[in-house]
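>>> What follows is a predicted protein model with its sequence.
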Amino acid sequence: LLIIILLIIITRQSHRIEVRRRTAEQELLESRERYRALAEAASEGVLIWSGQGIHVNKTLLSWLGFTEMELISRKPSDLIPDGGLSRFASPEDMYNDLSVRIIADCTLVGKDGDRKQIHADFSRILISGDQAVMMVARPLQVSHDPATVPFDKRLMDRAGMGFFRSTWARKSRFLAANASLVQLLGFDAESELARESVDTFFIDSEEHKLYMEMLQSGGEILGVPVKIRTRDGKMLWMNLSMVTRSDLPGEKWYEGVLELLTPAMSPDFLPVGELNDENLAVRASKGEWPGIPHFKNLADVWTGFPDQILSRILGADSTEAIRAEFKASSRLAGSLIEGGADPLLIVRFISRISDAITQRVVGMLLTETGPAPAAFAVMQLGSAGRGEQTLATDQDNALIYEDVPDEQAGEVQKYFLALASRMNDRLADIGYARCKGNVMAGNPSWCQPVSKWKEYFLKWTRNPGPEELLEMSIFFDFSYVSGNRELVDSLRDFMESDLRTNDIYFHHMAAAWKPFTPGKHVLETPEVSLKRLLMPLTGIVRLYAMRHGEKEPSTVEKCIGLYKRGTFSREILTGTIQAWKVLMKLRLISQQEALRAGEEPGNLIDPALTSVEMRYLLGKAVQEIDNLMLMAANDFHTH
């Protein structure tokens, strides 16, 4: 009886277990059927690559023309040859590489060689604990055609040189571009440009990768200077803005604008009358040339183009001819200011003209006096050394010459002092005012041999005080202009090697800039010095650049280099460049207005007399300078 009872209990338990097992199997079967029905009914193609091979739904089978058995032994790279999948030997390899989803536009190749453009979304999945990869694909034409969607108004309002639209992918390609961009990049038709990848035009591939990461994380980048290489190999500085766009079905793409910052660099100048869009510095949105509506024809306009002015300066044979070109360049700079050109473009143009004039003056003087008794070089200092001269910039220059035996030192310095004094006189006659602080090559203190200049830099770096701070803000931004470039390079190498072993210098320099912190009430006074506001910004950026070996001359280029190194965050980068551009734009506008009124251009403005928008931007600039100086206080321990 006991055995019978136990058998009954065991039998009932076994029956219940079997019922639950059958129920679970039925539910699993129904679930699989539901998922299979959904996959088969989907308009998208679904592919799963696992250890058991490739499995696809009916939609993808119909696109490919294969049978299920024909696909099992294949790899995804056989079906998508341009997707970069050939590097994956197994689904486990691709699973491990897919830390994030990969979304790309690629080509699906069928059994008979038929090709279909698809939008593929790769992600990793687990099947019974095994690693696998799933791809969901849809034809590009299923979504909105991005080429039919109007450009984003945020970009059109920025009034750049060329507009474009590109695919949303790592290797994005052009979908649309206006005629200006096609010509600027050296192509004859938009169809030719459509075959190119956007990244091929970036000189620095890491820079392109960085901007793509910024777009994918933030959705936009606005007003970033980049170096672009055209089809024929020319290098152009461009101002890049891009935003991410999408439509309701989920299709994404990029829209961008490229604005020319400098004329095309070419040793062969075009003759008068032959125009090329690559050589246009700025153009208003309606097509007219800003600031010169009274000119009768484009041949007259062409005489004022930057490369033509530079060509005539370098070929001038008299001071009067150079003075005429200086005035022509000033008028063109005024036109650029009134036309709303980027301030970086304007200050670089003014600086290039200054360098060319100084170079030509030195050449003329050497022709008059004969060869120099020793190798020498003329240097531009301060804003001229950074390539950031404005309409109110005076002379800031110096002369360096090679060390000579003591018995020759007196005569050699006498010669170079005479040469430098005549250079300063000639530049003043042309139109460059003398430096009120006498920071000119004609000053015996700033006309010295290499060894003396090294003593100066040692003094400035070893014991920086108020006087040293002023001198460093001028002399630490030096650039070669004329003569023997190796002398200037050797001085720069000495400065950089000394600073790398002198960490206390950076602490003292950061502390020395603290009194220049603008503060939130600086804009409440009737007279605000824009030059004084810019001094701590350029000074702190220079400090970081020297600390990290960043050799680019201009403030904007230094900021970009520091961002690439990871020293500046994205917020500091964009905030500092925007502050620099706002302050520089205000300086240029106020100076141009003063010149038009027949007054001496300066650096003082009354914030109350500016527009509401400009007062807001000015306040943001002051805030960004405060943020930059606060970061320096933390990094260089000056609290």
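Structure's in. What do you need? Numbering: from 1, shown residues only.
>>> can we go C-alpha only for contacts and neighbour counts from here?
OK.
>>> What is whichever strand or helix holds W237 packed up against?
Assigned by DSSP states H and E, W237 belongs to strand 235-246. Contact analysis of strand 235-246 by 3 or more CA pairs under 8 Å, 6 or more residues apart in numbering; DSSP states H and E lists helix 205-218, strand 220-229, strand 252-260 as its packing neighbours.
>>> between those, which gets nearest to D188?
Proximity to D188 (CA to CA) singles out strand 220-229 among those, at 16.1 Å.
>>> Report the rounded mean pLDDT for that closest one.
If you average the pLDDT over strand 220-229, you get 81.
>>> Compute the inter-axis angle for it and strand 235-246.
Regarding strand 220-229 and strand 235-246, their directions subtend 150 degrees when assessed with axes from the mean of the first three to the mean of the last three CA atoms, to 10 degrees.
>>> got the angle for strand 220-229 vs strand 252-260?
Computed with the same axes, to 10 degrees, the direction of strand 220-229 lies at 60 degrees from that of strand 252-260.
>>> tilt between strand 220-229 and helix 205-218?
Relative orientation of strand 220-229 and helix 205-218, computed by the same axes, to 10 degrees: 170 degrees.
>>> Show me what strand 220-229 packs onto, helices and strands only.
Where contact means 3+ CA pairs under 8 Å, 6+ apart, strand 220-229 is packed against helix 205-218, strand 235-246.
>>> highest average neighbour count across these?
With neighbours defined as mean count of other CA atoms under 10 Å, these peak in mean count at strand 235-246, which reaches a mean of 20.
>>> leaving aside the residues next to it on the chain, what's closest to K514?
Spatially, and ignoring its direct neighbours in sequence, K514 is nearest to M629 (7.5 Å; CA to CA, 6 or more residues apart in numbering).
>>> Would you confirm that the one you found contacts F516?
No. At 9.4 Å, M629 does not count as touching F516 under the criterion of CA atoms under 8 Å.
>>> so what sits against both of the two?
Taking CA atoms under 8 Å, 6 or more residues apart in numbering as the criterion, M629 and F516 both touch P536.
>>> Of the two, give the one with the bigger neighbour count.
When M629 is set against F516 and neighbours are counted by other CA atoms under 10 Å, the residue ahead is M629, at 24 against 16.
>>> who touches the more buried one in this structure?
Taking CA under 8 Å, 6+ apart as the definition of contact, the neighbours of M629 are 514, 517, 536-537, 540.
>>> repeat for L6
Under the criterion of CA under 8 Å, 6+ apart, the contact list for L6 is empty.
>>> what's the helix or strand for it?
Going by DSSP H and E, L6 is in helix 2-41.
>>> which element follows that helix toward the C-terminus?
Next along the chain after helix 2-41, taking DSSP H and E as the criterion, comes strand 45-50.
>>> contacting residues around the next helix or strand after that following strand?
As assigned by DSSP H and E, the chain's next helix or strand after strand 45-50 is strand 53-56. With CA under 8 Å, 6+ apart as the contact definition, strand 53-56 has outside contacts at 45-49, 68, 71-76.
>>> tell me the average confidence for strand 53-56?
Over the span of strand 53-56, the pLDDT mean works out to 86.
>>> helix or strand right after that strand?
Using DSSP H and E, the first helix or strand after strand 53-56 is helix 58-64.
>>> packing partners for the very next helix or strand once past that following helix?
In the C-terminal direction, the helix or strand that comes right after helix 58-64 (DSSP H and E) is helix 68-72. Other helices and strands packing on helix 68-72, by 3+ CA pairs under 8 Å, 6+ apart, are strand 53-56.
>>> How far off centre is the strand it packs on?
Taking the mean C-alpha point of strand 53-56 and that of its whole chain, the gap between them comes to 45 Å (CA atoms, centre = their mean, to the nearest Å).
>>> for stretch 355-374, same thing?
Going by CA atoms, centre = their mean, the spacing between the C-alpha centre of stretch 355-374 and its chain's C-alpha centre is 36 Å.
>>> For it, list every residue counted as buried.
Along stretch 355-374, these residues count as buried under the neighbour rule (16 or more other CA atoms under 10 Å): 355-362, 364-365.
>>> Let me have the residues you listed in a markdown table, extended by secondary structure.
Supplementary listing: the buried residues of stretch 355-374 in a markdown table, determined by DSSP: H, G, I helix; E, B strand; the rest coil:
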| residue | secondary structure |
| --- | --- |
| D355 | helix |
| A356 | helix |
| I357 | helix |
| T358 | helix |
| Q359 | helix |
| R360 | helix |
| V361 | helix |
| V362 | helix |
| M364 | helix |
| L365 | helix |
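>>> Could I get the full set of strands for the stretch 301-450 of the chain?
376-380, 397-401, 447-449 (DSSP state E, counting those that start in this stretch).
>>> out of the contacts of strand 53-56, which is most surrounded?
Among the contacts of strand 53-56, where neighbours are counted by other CA under 10 Å, the top count belongs to W49, at 25 neighbours.
>>> give me every residue that touches that one.
Contacts here follow CA under 8 Å, 6+ apart; on that basis W49 touches 55, 75-76, 91, 132-134.
>>> again with L47
Contacts for L47 were tallied using CA under 8 Å, 6+ apart; they are 54-57, 60, 134-136.
>>> Apply 7 Å and report the result again.
Taking CA atoms under 7 Å, 6 or more residues apart in numbering, we find L47 in contact with 54-57, 134-136.
>>> How about L108?
The neighbours of L108, taking CA under 7 Å, 6+ apart as the test, are 79-80, 115-118.
>>> in the protein, what spans have low per-residue confidence?
Along the chain, the model assigns pLDDT under 70 to residues 28-43, 99-100, 141-161, 247-250, 261-306, 463-470, 498-502, 613.
>>> Most neighbours of all the contacts of M629, which one?
L537 (26 neighbours).
>>> Secondary structure element for that residue, which one?
Assigned by DSSP H and E, L537 falls within helix 530-547.
>>> in that helix, what's buried?
Within helix 530-547, the residues that qualify as buried by neighbour count (16+ other CA under 10 Å) are 530, 533-534, 536-547.
>>> do the same with stretch 168-175
168-170, 172-175.
>>> neighbouring contacts of it?
103-104, 147, 165-167, 193-194, 196-199, 252-254.
>>> Cross-reference the residues you listed with the helices and report the matches.
Judged by DSSP state H, helices contain the following of the contacts of stretch 168-175: L193.
>>> Show me which of the contacts of stretch 168-175 are buried.
Restricting the contacts of stretch 168-175 to buried positions leaves 103-104, 165-167, 193-194, 198-199, 252-254, with burial counted as 16+ other CA under 10 Å.
>>> how about the strands in the stretch 101-250 of the chain?
Assignment of strands within the stretch 101-250 of the chain using DSSP E, counting those that start in this stretch yields the ranges 102-109, 115-127, 130-139, 162-167, 174-177, 220-229, 235-246.
>>> and the fifth one, which strands flank it?
On the basis of DSSP bridges, the sheet neighbours of strand 174-177 come out as strand 162-167 (antiparallel).
>>> out of the contacts of M629, which one sits closest to A321?
Within those, proximity to A321 (CA to CA) peaks at L537, which comes in at 37.5 Å.
>>> Which residues are in contact with the closest one?
With contacts defined as CA under 7 Å, 6+ apart, the neighbours of L537 are I625.
>>> Please report the distance of Y480 from I474.
Y480 sits 14 Å away from I474, taking CA to CA, to the nearest Å as the criterion.
>>> cool, and M631?
Applying CA to CA to M631 and I474 gives a distance of 23 Å.
>>> The two: which is more packed in?
Per other CA under 10 Å, whichever of M631 and I474 has more neighbours is I474, with 21 against 15.
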